[in-house]
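J.: When you get a sec, could you give me coordinates for this:
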Amino acid sequence: MPLVTTTYLSENLNRVKIIDCSWHMPNVNRDGQKEYDIKHIPGAIFFDLDKNSRTDTDLPHMLVNKKDWEKIVSNMGINNNDEIIIYDNSDVISSCRCWYNFVYYGHDINLVSVLDGGLKKWISENKITNSEKQQLTQSNYHSNEHKELVKNKVQIDENISKKKYLVVDARSKDRFEGKVKEPREGLRSGSILNSKCLPFSEVLNKKGTFKDKNELKKLFKSTLEIINENDTVFSCGSGVTACVLAFAYHLINDKYLPKIYDGSWAEYGKL
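T.: Numbers count the residues shown, from 1 in each chain. Just a heads-up that it's a prediction; the model follows:
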């Protein structure tokens, strides 16, 4: 059950582990941690996407190593058999990235979900929020890294000629086609050779919920032509919105385990 409703969460607040993974694009001048401190779903633990990514690289949001991930999750008091529901206040982009992190590090994919519509939908339904900080008891979390779910630049370059899988870019069409400047400094405009574009916003409704499965199937078929679990890798600007597409693709294809190019255009587009 990768996608859960606000009703499901409200009925299971005391049974599941809840993560607030709110993160915002640098140009919007918002702070997910400060927003969490003011208002969050009761019981939610804050996950800082920037702080919980690698710090030894200039590439944003890169996956940490196995040992660091185990420490991060243990400090959150999460156990391997916990059901986890992730939400954000940022149109699901960061909650899908957090979902991907847990799947990559081997948490049971049936025990980690994204809240459809996120905090925005929760608040619009007048559901309860508070500002209480959680008292966490450290756990002893163990991970099982699935390295096959991440592609690196060498593999992406090799694939241009070998064509073993299709790379799908979640950025806007203008960015993909090189018509506009990249928001990050030091990057050229354009896209990976032979890749295709499906802007992540197209899998979402205007209110930030995911489109239904029939609509998603039409979208992916129009981009991929064939839907299967083996030959699709998602990319974007910095590895975040790629996970929105990976999550949506998993919704219509439960055999598919999410595969992304973690460096994405932040790495590939370097000048």
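J.: ranges for the helices of the stretch 51-200 of the chain?
T.: Assignment of helices within the stretch 51-200 of the chain using DSSP state H, counting those that start in this stretch yields the ranges 66-75, 93-104, 118-124, 153-162, 173-176.
J.: Identify the residue spatially nearest to residue 30, adjacent ones excluded.
T.: Nearest residue to residue 30, sequence neighbours excluded (CB to CB, 6 or more residues apart in numbering): residue 24, at 4.1 Å. Just so you know, the C-beta spots here come from the backbone N, C-alpha and C atoms, and that holds for glycine as well.
J.: returning to that earlier point: nearest to residue 196, of the helices of the stretch 51-200 of the chain?
T.: Evaluated with CB to CB, these place helix 173-176 nearest to residue 196, the distance being 8.6 Å.
J.: Need the contact partners of the closest one.
T.: Outside helix 173-176, the residues that touch it by CB atoms under 8 Å, 6 or more residues apart in numbering are 169, 180, 182, 189, 190, 191, 195, 197, 199, 237, 265.
J.: Those residues: which two are farthest apart?
T.: Taking every pair in the contacts of helix 173-176 and measuring CB to CB, the maximum separation is 17.1 Å, between 180 and 195.
J.: the more surrounded of these two?
T.: A direct count of neighbours by other CB atoms under 10 Å for residue 180 and residue 195 places residue 195 higher, at 19 against 13.
J.: can you tell me which residues contact that one?
T.: 166, 167, 168, 169, 176, 235.
J.: One more pass at 10 Å, please.
T.: Under the criterion of CB atoms under 10 Å, 6 or more residues apart in numbering, the contact list for residue 195 reads 156, 159-160, 166-169, 176, 233-235, 261, 268.
J.: Repeat that for residue 44.
T.: 13, 17-22, 36, 85-87, 119, 129-130, 132, 134.
J.: Find the nearest non-adjacent residue to residue 111, please.
T.: Leaving aside its chain neighbours, residue 111 sits nearest to residue 83 (4.8 Å; criterion: CB to CB, 6+ apart).
J.: my read: the one you found touches residue 19, true?
T.: No: the criterion here is CB atoms under 10 Å, and residue 83 misses it with residue 19 at 11.4 Å.
J.: With neighbour numbers in mind, choose between those two.
T.: Using other CB under 10 Å, the more surrounded residue of residue 83 and residue 19 is residue 19, with 27 against 17.
J.: related to what we said a few turns ago, only the buried subset of the contacts of residue 195, as a PyMOL command please.
T.: Buried subset of those, written as a PyMOL selection, criterion 16 or more other CB atoms under 10 Å:
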select buried, resi 156+159+166+167+168+169+176+233+234+235+261+268
